[in-house]
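Visitor: coords please:
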Amino acid sequence: MGLDDLLDIRTTTLSALSDDGRFAVALMARPRSSMGIDYNRNFGDPTYAAPQRREAWVIDTRSGERIPLFTEPRVIGGTAWSPDAGVLAVLVQRQDDRFDVLLWDRATRRTRSLTIPGGRYAFAGSDMRWNSDGTSLVLAVRSEAWRTKATAEFARLTTGPRIVQSSTEPFLAWNGLQRLGAVESVVQIDRRSGALTEVLPEGMRQQWQLTRDGQLVVYSEDITKKTDYDVIGGTEQQLWVRPTAGGAPTQLFPSLRTIRPVWDRDGRRYAFTRDDQLFVGILGDTSRTRLAGDTTPRSDTSSTARTRRARERFTPVAWVGTSALVATNRDGVWLLNTASRERTMIVASSDSVLTTPRVRYVGAMQNDQQLLMTMESRTAWERAMLRYDIAARRLDTVPTDSRIIGASTVSADGSTLVVSAGAGNRPADLFALRGALTSWQPLTNANPSLAQTSLGQTELLQWLDADGAREFGVVHYPANYVKGQRYPTVMLIYEDFFNDSWDATANLLNANGYVVVKPSVRFDVGFPGEAWVKSVTAAANKVIELGIADSTRLGVHGTSYGGYATNLLITQTARFKAAINISGKVDMVSFYTDSPRLGVRNTHAAEKSQDRLGATLWQQPQKYIAHSAVMFADRITTPLLLMTGEQDHNVPAINTREMYYALRRLGKEVTWVTYTNGGHGVPLSSMDDWTDFHTRLLGWYAQHLKKTTP
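Guide: Residues are numbered from 1 along each chain as shown. Down below sits the predicted model:
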């Protein structure tokens, strides 16, 4: 496994599945075809779409026939099948960042462009829907006037000549520009005549959908009044419904802040939870039926009342037909009959009980008589699909040969299931399943060369952290691993690792003779810095105890949050002989109000989400100092490689730069590499940057863990 091999590893996604399940569209991307990202525009310019060029294939899920849509990879925004699967709509990028809408005729295999009149154009995120008879395409578009405004605002915030911001403005400047990215109108275009009808005027919205008969459109409207510091990218939305042919709208919800409606297949029935009560409703009827939820007064705070409320707190997941609802509560997954109110537990599962498996609902098949779910143990690599027969009230387990199952889609008629799945340490492919779900028909073989490539084995690792809590991680072995021989070992850290899914960096390190360990970390709010020491060092002890790792040749590195963790870790222990921080912050104080293009993300991450400090900078400044590695740079003895992108507006390079100058001043061994055109993480700015990045990474470990010239 070399650098050239990694450049050609394809990742595969299902873009569209016809209503009858017969035809799928697979998109395949590889790093070699995705170079040339403009990271300056990629962060914050709503008119820009990164050039992720992908191969597009139409696949007959019965015969397995594969038809390429284009002769070379293209930047594809999305695809949509007409109801009869006769025509495929495809969004393809032009040279000017706008997107063309192409119509591919399945019978003739010819493609033509669908013209959008009236100074409007499709964009990368244009959502597309066909009307019920397939004569028209309904899609989101933008106006040239919007583009002019967005382009001017991005230029003002990046090139000036003056950038003025004031606390009297309701939105942070970059937050305001980000909001422009939600502006769109919705139009309907006749695919034969090209006639355009406006469905929704230009507005700022997060969602819209058509009822299955195409008679109504349900849509949100933004009513946010100012930047929200409590939710990253937080908005206030109202939900409305109106006839697609025009007419007065009707408000469904005055606010969606705490409501996430779940719609049935026809798009007319919905379910939602509000104040711990589960309701169902139907368009055209203002009344709503309470289906579940405890009605004990909130003033009753007894243990019995709290337990009862928790068990009655259901979250809707999906409709089954028009009279049943899949929902979850603290005890598991349930089927609720909306007419009789009968409840049937399908499978027990709880996120708060770590010994129960994770269960994810997939969809309904066999005329809505069989419900499909994926099941994954949280204590072993045991994976399966679950099939629940509603009439028989029987739950069956369908083996998956330990495949790791990703995104899964059931066709609209319930006949076909297409899943993204892969064996351990292998990229995923697409498979079609029908009937008893016992035959996995491969639809893609994205990486045939891996069959002839030597890849190492993987293993689930268990250990006790410093607090005695059981933790899990993944070990990647070199292909020529010899049991009993100790190897230089790299701890690849971030947060939680359990599945042995494909990891390009781990396999590259394996190919160069390193064992890679990916440990999970248990966090306590307010003390994240301790977490890595307690868990990562205990994981290192375990692989040393097992005779896998050479205790004198341990390395550690991570990207983004993992890079931040790496820097904090080596201020607390000297046992690692080499460390690499890729795009990870080193100063929590300056990071707190940095990176304006992300709006409130950095303040929110520190206070409430990923960083888990649990307080603002002014409430507990000592927490921010304690979690700033640069404040303890004098304790670092591990040679450190810092790798940043000058166009990284997630973790700006200027933050990591602080560590370089601190260690340089202290006489420590440190190297700082910044890619002037690079962004966050591995640079896809050019082939040269990509190659240099990986060569330097391997060279650093060769120099310090193998004592060889890089």
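Visitor: Dump stretch 507-521 to CSV, keeping only the CA atoms.
Guide: C-alpha atoms of stretch 507-521 as CSV (Å, rounded to 0.1, in the frame of the first residue of the first chain):
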residue,chain,number,x,y,z
ASN,A,507,-3.1,1.4,6.3
LEU,A,508,-0.3,3.6,5.0
LEU,A,509,1.5,3.3,8.4
ASN,A,510,0.9,-0.4,8.4
ALA,A,511,2.5,-0.7,5.0
ASN,A,512,5.6,1.0,6.4
GLY,A,513,5.9,-1.4,9.3
TYR,A,514,4.0,0.3,12.1
VAL,A,515,1.2,-1.1,14.3
VAL,A,516,-1.6,1.4,14.6
VAL,A,517,-3.8,1.6,17.7
LYS,A,518,-6.9,3.7,17.7
PRO,A,519,-8.1,4.0,21.4
SER,A,520,-11.4,5.3,22.6
VAL,A,521,-11.5,8.0,25.3
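Visitor: from the chain's centre, how far out does it sit?
Guide: 23 Å (C-alpha atoms, centre = their mean, to the nearest Å).
Visitor: list the contacts for Y477?
Guide: Y477 makes contact with G456, Q457, T458, E459, N510, V515, according to C-beta atoms under 8 Å, 6 or more residues apart in numbering. The way it works is simple: take the backbone N, C-alpha and C, and place the C-beta from them, glycine included.
Visitor: ok, 6 Å please
Guide: Applying C-beta atoms under 6 Å, 6 or more residues apart in numbering to Y477 gives the contacts G456, Q457.
Visitor: Sketch out the strands for the stretch 201-350 of the chain, chain order is fine.
Guide: 208-210, 216-222, 237-243, 250-253, 262-263, 269-274, 277-282, 285-292, 315-320, 324-329, 332-337, 343-348 (DSSP state E, counting those that start in this stretch).
Visitor: the inter-axis angle of the longest one versus strand 269-274?
Guide: Note on geometry: by axes from the mean of the first three to the mean of the last three C-alpha atoms, to 10 degrees, strand 285-292 and strand 269-274 are set 60 degrees apart in direction.
Visitor: Tell me how many other residues crowd Q622.
Guide: Applying other C-beta atoms under 10 Å, we find 8 residues neighbouring Q622.
Visitor: So for the residue nearest the centre of the chain, what's the nearest residue that isn't a sequence neighbour?
Guide: The centroid of the chain falls nearest to A407 when counting by C-alpha atoms, centre = their mean (11.1 Å). Using C-beta to C-beta, 6 or more residues apart in numbering and skipping the chain neighbours, the partner closest in space to A407 is S420 (4.8 Å).
Visitor: quick check, the one you found in a strand?
Guide: Yes. Counting by DSSP: H, G, I helix; E, B strand; the rest coil, S420 is found in a strand.
Visitor: measure it to T444 for me?
Guide: S420 sits 9 Å away from T444 when distances are taken as C-beta to C-beta, to the nearest Å.
Visitor: circling back to that earlier point, please verify my assumption that the residue nearest to A407 contacts G406.
Guide: Yes. Using C-beta atoms under 6 Å, S420 is in contact with G406, at 4.0 Å.
Visitor: Mutual contacts of those two, please.
Guide: Shared contacts of S420 and G406 (C-beta under 6 Å, 6+ apart): A428.
Visitor: More neighbours: these two, which one.
Guide: For S420 versus G406, neighbours defined as other C-beta under 10 Å are more numerous around S420 (23 against 17).
Visitor: Next one, pLDDT for the more buried one please.
Guide: You'll see S420 listed with a pLDDT of 97.
Visitor: Contact partners for it?
Guide: Applying C-beta under 6 Å, 6+ apart to S420 gives the contacts G406, A407, A428, L430.
Visitor: mind listing what's buried in stretch 684-691?
Guide: L684, S685, D689, W690 (16 or more other C-beta atoms under 10 Å).
Visitor: How about the secondary structure of the nearest residue in space to the second one that is not next to it in sequence?
Guide: This means S685. Counting by C-beta to C-beta, 6+ apart, S685 lies nearest to N677, which is 3.9 Å off, once chain neighbours are set aside. Under three-state DSSP, N677 falls in the coil class.
Visitor: Was I right to think N677 contacts L684?
Guide: No. N677 lies out of contact with L684 (C-beta under 6 Å); the separation is 9.8 Å.
Visitor: Go through the contacts of S420 and name the one nearest G160.
Guide: Comparing the contacts of S420 against G160 with C-beta to C-beta places A407 closest, at 43.1 Å.
Visitor: Tell me if the closest one really is in a helix.
Guide: No. Secondary structure of A407 (three-state DSSP): strand, not part of a helix.
Visitor: measure it to V419 for me?
Guide: Taking C-beta to C-beta, one finds A407 at 7 Å from V419.
Visitor: still on that earlier bit, could the strands of the stretch 201-350 of the chain be laid out in CSV, adding mean pLDDT and distance to D45?
Guide: Converted to CSV, the strands of the stretch 201-350 of the chain look like this (pLDDT from 0 to 100; distance: least, C-beta to C-beta, whole Å):
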stretch, mean pLDDT, distance to D45
strand 208-210, 96, 24
strand 216-222, 96, 20
strand 237-243, 96, 24
strand 250-253, 96, 32
strand 262-263, 97, 33
strand 269-274, 96, 35
strand 277-282, 96, 40
strand 285-292, 93, 42
strand 315-320, 97, 36
strand 324-329, 96, 39
strand 332-337, 96, 42
strand 343-348, 94, 45
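Visitor: okay if I get these as a markdown table plus distance to R191?
Guide: As requested, those are arranged in a markdown table below (distance: least, C-beta to C-beta, whole Å):
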| stretch | distance to R191 |
| --- | --- |
| strand 208-210 | 16 |
| strand 216-222 | 19 |
| strand 237-243 | 21 |
| strand 250-253 | 30 |
| strand 262-263 | 26 |
| strand 269-274 | 29 |
| strand 277-282 | 31 |
| strand 285-292 | 34 |
| strand 315-320 | 30 |
| strand 324-329 | 35 |
| strand 332-337 | 40 |
| strand 343-348 | 42 |
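Visitor: So which of these is nearest H694?
Guide: Judging the strands of the stretch 201-350 of the chain by C-beta to C-beta, what sits closest to H694 is strand 315-320, at 41.3 Å.
Visitor: buried stuff in the closest one?
Guide: Buried, per 16+ other C-beta under 10 Å, within strand 315-320: P316, V317, A318, W319, V320.
Visitor: and V600, which of the strands of the stretch 201-350 of the chain is closest to it?
Guide: strand 216-222 (16.8 Å).
Visitor: elements contacting the closest one?
Guide: Where contact means 3 or more C-beta pairs under 6 Å, 6 or more residues apart in numbering; DSSP states H and E, strand 216-222 is packed against strand 196-204, strand 208-210, strand 237-243.
Visitor: Now render those as TSV, adding distance to R341 and mean neighbour count.
Guide: Output for the helices and strands packed on strand 216-222, formatted as TSV (distance: least, C-beta to C-beta, whole Å; neighbours: other C-beta atoms under 10 Å):
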stretch	distance to R341	mean neighbour count
strand 196-204	36	16
strand 208-210	27	18
strand 237-243	26	18
